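>>> Can you look at this prediction? I've put the sequence above it.
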Amino acid sequence: MKDIVIIGSGGFAKEVAFLIEEINKKKNTWNILGFIDDNIGDSNGKYGVYENDDWLLNISVPIYVTFGIGNPDLLEKLYDKFKKNKNIKFPNIIHPSVIGDWVRIKIGVGNVICASNTFTTDITIGNCNVFNLDCTFGHDSNIGSYNVINPSSNISGGVEIGDNNLIGTNTTVLQYLKIGNKLTIGASSLVTKDLIEKGLYLGQPARKTS
């Protein structure tokens, strides 16, 4: 088994630990050491805070790291910080129930893909995205890095999503549209046109509010 730590120790970090346990039920792959955070020894659910950032930055043996964080900008900051240590590897953590045409999907590193996601075909995915529960991604979609896509969102075919976006629960993006960088799209929004400018978008159709 491979040693793995989870950066963060909040609620989503617990869910990532559960995801890893589900992977281990199919194939015993990961030994979860615990969470990486400041309060060493604190516990949250089944696992505790194993070590802090300094320990991980200076580790001299190979170790696997995943993210239990739902903030796009923090995902980017932490990945940039820890990738400097070549002993740290960032696997893609994918729930066994996820469906995808994997021979025709290009995927980077450090992605967390929760249960019941569906990826069809000819899809490109960058680094360190969070795909929360029960989302769909259509053909020829292109997803950048550090995006957090919350449960039950539906991304249609040919959609392009940039970097550092937060897409709310139950959002739908219609086919061949473009989402820029550093946008927040509120829950249950319907995206019917390109959204490029940074800001908060809400509604059906989604409109910029700030």
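That came through, no problem. The shown structure was predicted, so the numbers you read here are calculated from the model rather than taken from an experiment.
>>> following the least confident helix or strand in the chain by mean pLDDT, which helix or strand shows up next?
Least confident helix or strand of the chain, by mean pLDDT, DSSP states H and E, is strand 43-44 with a mean of 90. For strand 43-44, the following helix or strand on the C-terminal side (DSSP states H and E) is strand 47-51.
>>> Output the contacting helices and strands for the next helix or strand after that following strand.
Downstream of strand 47-51, the first helix or strand assigned by DSSP H and E is helix 53-57. When contacts are defined as 3 or more Cβ pairs under 8 Å, 6 or more residues apart in numbering; DSSP states H and E, helix 53-57 packs onto strand 30-36, helix 72-82. Heads up, the C-betas are built off the backbone N, CA and C, glycines and all.
>>> what are the pairing partners of whatever helix or strand comes next after helix 53-57, and which direction each?
Later in the chain than helix 53-57, the nearest helix or strand by DSSP H and E is strand 63-67. Counting by DSSP bridges, the strands paired with strand 63-67 are strand 2-7 (parallel), strand 88-89 (parallel).
>>> Now do the helix or strand that comes right after the longest one against strand 63-67, angle only.
Read it as strand 2-7. Once the chain leaves strand 2-7, the next helix or strand it forms, by DSSP H and E, is helix 11-26. Calculated by axes from the mean of the first three to the mean of the last three Cα atoms, to 10 degrees, helix 11-26 forms an angle of 130 degrees with strand 63-67.
>>> got the buried residues for helix 11-26?
If you call a residue buried by 16 or more other Cβ atoms under 10 Å, then helix 11-26 has these buried ones: Phe12, Ala13, Lys14, Glu15, Val16, Ala17, Leu19, Ile20.
>>> Stretch 50-60 now?
Buried residues in stretch 50-60, counted by 16+ other Cβ under 10 Å: Tyr50, Leu56, Ile59.
>>> Can you give me the domain assignment for this protein?
2-91, 97-202 (automatic domain parsing).
>>> Dump those domains into TSV; add distance to Ser210 as well.
Output for these, formatted as TSV (distance: least, Cβ to Cβ, whole Å):
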stretch	distance to Ser210
domain 2-91	17
domain 97-202	5
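>>> Packed most tightly, which of the ones you listed would that be?
Of all the domains of the chain, domain 97-202 has the most neighbours on average by mean count of other Cβ atoms under 10 Å, namely a mean of 19.
>>> mean confidence score for that one?
For domain 97-202, mean pLDDT rounds to 98.
>>> And for stretch 23-36?
98.
>>> Centre-most residue in this protein?
Val130 (1.4 Å; Cα atoms, centre = their mean).
>>> okay but that one is in contact with Thr66, surely?
No: counting by Cβ atoms under 8 Å, Val130 stays clear of Thr66, with 10.2 Å between them.
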